[in-house]
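Colleague: no FASTA, just this:
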C-alpha cells in the first residue's frame, strides 16, 4: 500500500516550510564570498536549530558552528557526528552549566567567550582539572552595546587574564558588530590585536558575524572568521535591507484564511505563536507572497489580521505563504518544520535545538 | 540518599517560575466574582497550557475550559480526566482538523464556533454521520474587529443555518470583546438573542471573555459565560491597566546577569526566546521586581539589555525576577515550568499544550 504524498494543499496549517534548494543556494553563495576573501565561516545555528542543515553548511566549507547557549550546543552535537567544532558566543555562569560545558569539551573542539573576570574565573575553576584546556575568546563591544569589553585596552587586559588562568587558553577576539560597523570593528580589533601580541600572546581568531552586513565582512580585514545565522533562510527584514530578494527566502509560513469578516479584512490561522511579534523595525508582521497590497497589521496568539486598502479578494479556506519578519524566532515556535524539495513537501524534521534557552 | 532540594539560587536560568499559591488566589478571586454575578466561568487554557492548572480552575467552579486550536484541546483532554467540557473558539477548516474534531467529540462535551457558511458547511459534513451532533456557536464581532459576523442580523442568519444543518446544533453566541466593550457586547448580544429567539431557536449560551475587562463582565447582563485566560497568572500588561498588582503576578522569569559592560547597562540571559517581543502597547520588555528604575530596553534572542538613568548597581551573577509583558506567550516558549510552593521550587511541570498551533 503506498502512502499518498502530502501536497501544499493537504498540509494542516499553520506550518513552517523550508525550501531546501533555496537554503542550499544561500549557503553556497556566502561560502563563495568567504572563500574568495579568505574568511573562515562558522554559521550560527540559531536560525535553523537543525543538525542536518549544519551538516549542509559544514559540507559547503564551514569550519564549525556557533551556538548561543550550552543546551543548544548539546542538541547540535548529539544530533550530528559531523559537528566537531563549536563556539558558544555567550558568557557562561553557574555550576550546572559549567559542568555541562566540561561534558561538551570532552566530545568536541569547544570555545566560549567571556567579557569579565567573573566569567573567566568560573570557567577556569571548572576546567582547571579537565584533560584539555578550554579556548576562551574575549567578547568585544564594537558598538552594538550589548555584551563585550568596551575598549581594546580592556580586551587586552582580559586576554592576559585568560592566558594566565589554569584550565584556559586564549582563543582570540569575538564581536557582534553594529549595523554598518566594518570600520568600527576594524579599528577596535586591529588595536586590540596589536596590544595582545605586544604581550607575546597570539591572537589566533578574530570572529565577527551577522547576516545584515555579511557582504561587507571583508571590509574589516583583521577579521579571520564570520558567523552569520539568518543567511541560510533569509527573511522579510533582510529583504527590507536589500540583502536578498523574496526568491531567496527559504523559510515561509503556510496559513489558511479562516474568516473574511469584512470586505477589506481577513483573518489567518497564524498568529504570534507562529509568526512571533518581532518587528525588527518593520511595520506589520510578515510579507504575503504575491499579495504586497495586504498588510498583516495585528497578531494575537492564533489569529493574524490582514487588511487592505481595497477589497481583499480572499475567501475562507484560501492558503497564503508568508515570509516572516525574522526567520530565527519562527523556528523556535514549532516542534517540527516541513521540508520542501522541488517545491513539494517531502520530510518533516524535528527542530532539534528548539527552546534550548539554558 | 536524599536529593538536595533546589533553591531559587541553584536553578539554571533563564527559567519560568509559577507561584502556585498566587495562581490559586487569582482563580478563587474571579470565581467569586462570577459566582456573585451568576456568570459561568470557562477559563481559556492558552495562558497556562497545563492540565493541572485547568483542574484547579474546574475544582474552584469552572464549567469547562476554552481552547483556541484542536491540538490544544487534544493535549488538555489527554492530560486530565477532569476536562470533560471544551469550547474551541476558532473557525475549524480542513479535512485533517475536522477528523480530529470528531475524535475529540466522542470523548468530551465539545463546542466550536463559526462565523461563515463555509465553516458551518465543513463542520456539518464532518458531523452528519457522527453519533452526537456538534454544538456550534456563532462568533460575533462586537468591536474587536478580529473574527465574527458583523451584525446581530447576520448572527441570527448564521444561527438559523447552524440549527438547520445536519450533524450540528446551535450552541449560542460567542464574542471576544473590545476594550471597555460591555455596552457594545450587551447591545449586540441582546439584539441577536431576540432575533434568534423570534425564529423559535433557543440561545443557551452567550459567552464573552478577556481578563482586562473581567471585573466589568456583569455590566453586560445578557452574557451567561465568561472566558478569561491571563487572570490565572496576570502580567505586566494587566498591572499597567490597573487590573492587578505585582503581588498578583504568579508567573515570573528568573534570569541571571551575565554582563555589566557599562555603569548604566547590564545584560541578562533571558531574551526574546523567553520574554518574547510582545509589547502590548507598553515600553520595554518586562518589569524587574524590586528595580522599577531599570528598563529592559532591548531584546535579542538570548540577551536582554537592562538600562538605567544612574548606576545600575548590578554584578555579574546577580539574579533578577521579571514579570513579563504578556504571560500567555511566555509559557509557549518553554517545554517546562518550575512550580513554586511556599516561595520555593517544588515540581517541574511539562507545558503539555505548548506549541499546539494546528
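Modeller: Yep, that arrived. Here the structure is a predicted model, which means the values were calculated and not measured.
Colleague: Helices of the stretch 251-358 of chain A, residue ranges please.
Modeller: A:327-331 (DSSP state H, counting those that start in this stretch).
Colleague: One more: the stretch 101-250 of chain A?
Modeller: Using DSSP H, counting those that start in this stretch, helices in the stretch 101-250 of chain A cover A:117-127, A:152-164, A:182-198, A:236-240.
Colleague: got the domain boundaries for chain A?
Modeller: As assigned by automatic domain parsing, chain A contains the domains A:37-232, A:236-350.
Colleague: Get me the contact residues on the stretch 201-350 of chain A for chain B.
Modeller: Applying C-beta under 8 Å from any C-beta of the partner chain, one finds that the stretch 201-350 of chain A approaches chain B through A:256, A:258-262, A:265, A:267, A:269-270, A:272-274, A:276-279, A:298, A:300-303, A:305, A:315-317, A:328-329, A:332-335. From N, CA and C alone the C-beta is placed, and that goes for glycine too.
Colleague: Isn't residue A:156 up against residue A:196?
Modeller: Yes: between residue A:156 and residue A:196 there is a contact at 5.0 Å, judged by C-beta atoms under 8 Å.
Colleague: What score does residue A:2 have for pLDDT?
Modeller: Listed pLDDT for residue A:2 reads 46.
Colleague: same deal with residue A:5?
Modeller: Residue A:5 carries a pLDDT value of 75.
Colleague: which ones are touching it?
Modeller: The contact partners of residue A:5, taken as C-beta atoms under 8 Å, 6 or more residues apart in numbering or on different chains, are A:344, A:345.
Colleague: just to revisit the earlier point, got the helices of the stretch 101-250 of chain A as CSV, with distance to residue A:105, mean pLDDT and mean neighbour count columns?
Modeller: What follows is the helices of the stretch 101-250 of chain A, written out as CSV (distance: least, C-beta to C-beta, whole Å; pLDDT from 0 to 100; neighbours: other C-beta atoms under 10 Å in any protein chain shown):
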stretch, distance to residue A:105, mean pLDDT, mean neighbour count
helix A:117-127, 7, 98, 20
helix A:152-164, 15, 98, 20
helix A:182-198, 23, 98, 19
helix A:236-240, 34, 98, 20
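Colleague: Please produce CSV containing these, extended by distance to residue A:224.
Modeller: Below are the helices of the stretch 101-250 of chain A laid out as CSV (distance: least, C-beta to C-beta, whole Å):
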stretch, distance to residue A:224
helix A:117-127, 22
helix A:152-164, 15
helix A:182-198, 10
helix A:236-240, 24
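Colleague: Quick one, which of these gets closest to residue B:211.
Modeller: Closest of the helices of the stretch 101-250 of chain A to residue B:211 is helix A:236-240, at 31.4 Å (criterion: C-beta to C-beta).
Colleague: And the contacts of that closest one?
Modeller: Residues from elsewhere that reach helix A:236-240 (C-beta under 8 Å, 6+ apart): A:211-212, A:230-231, A:244-246, A:248-249, A:280-282, A:286-287, A:323-326.
Colleague: which residues sit against stretch A:157-172?
Modeller: With C-beta under 8 Å, 6+ apart, stretch A:157-172 has contacts from A:111, A:114-117, A:120-121, A:123-130, A:133-138, A:149, A:173, A:192, A:196, A:199, A:201-207, A:224.
Colleague: if we go to 6 Å?
Modeller: A:111, A:120, A:123-124, A:127-128, A:133-138, A:149, A:196, A:199, A:201, A:203-206 (C-beta atoms under 6 Å, 6 or more residues apart in numbering or on different chains).
Colleague: Show me which of those are buried.
Modeller: For the contacts of stretch A:157-172, a burial check counting by 16 or more other C-beta atoms under 10 Å in any protein chain shown picks out A:111, A:120, A:123-124, A:127, A:133-138, A:149, A:196, A:201, A:203, A:205-206.
Colleague: how about the helices of the stretch 101-250 of chain A, which one is nearest residue B:309?
Modeller: helix A:152-164 (23.9 Å).
Colleague: what's the angle from that closest one to helix A:117-127?
Modeller: With axes from the mean of the first three to the mean of the last three C-alpha atoms, to 10 degrees as the basis, helix A:152-164 and helix A:117-127 are set at 20 degrees to each other.
Colleague: between helix A:152-164 and helix A:182-198, how big is the angle?
Modeller: 50 degrees.
Colleague: What is the burial count for the closest residue to residue A:335 other than its chain neighbours?
Modeller: Counting by C-beta to C-beta, 6 or more residues apart in numbering or on different chains, the nearest residue to residue A:335 once its immediate chain neighbours are dropped is residue B:355, at 5.4 Å. The number of residues packed near residue B:355 is 23, by other C-beta atoms under 10 Å in any protein chain shown.
Colleague: Quick check: phi and psi on residue B:355?
Modeller: The phi/psi pair for residue B:355 (degrees, to the nearest 10) reads phi 70, psi 10.
Colleague: residues contacting the closest residue to residue A:235 other than its chain neighbours?
Modeller: Nearest residue to residue A:235, sequence neighbours excluded (C-beta to C-beta, 6+ apart): residue A:327, at 4.1 Å. Residue A:327 makes contacts with A:47, A:230, A:233, A:235, A:251, as judged by C-beta under 6 Å, 6+ apart.
Colleague: closest to chain B among those?
Modeller: Nearest to chain B out of those is residue A:47 (C-beta to the nearest C-beta; 9.8 Å).
Colleague: residues touching that closest one, list them.
Modeller: Taking C-beta under 6 Å, 6+ apart, we find residue A:47 in contact with A:229, A:230, A:232, A:233, A:327, A:328.
Colleague: Contacts for the top strand by length along chain A next, please.
Modeller: Longest strand in chain A by number of residues (criterion: DSSP state E): strand A:251-262. Around strand A:251-262, the neighbours that count as contacts under C-beta under 6 Å, 6+ apart are A:13-18, A:233, A:266-270, A:274, A:314, A:316, A:318-324, A:327, B:91, B:93, B:115, B:141, B:147-148.
Colleague: Buried residues of that strand, list them for me.
Modeller: Neighbour counts using 16+ other C-beta under 10 Å place A:251, A:252, A:253, A:254, A:255, A:256, A:257, A:258, A:259, A:260, A:261 of strand A:251-262 among the buried residues.
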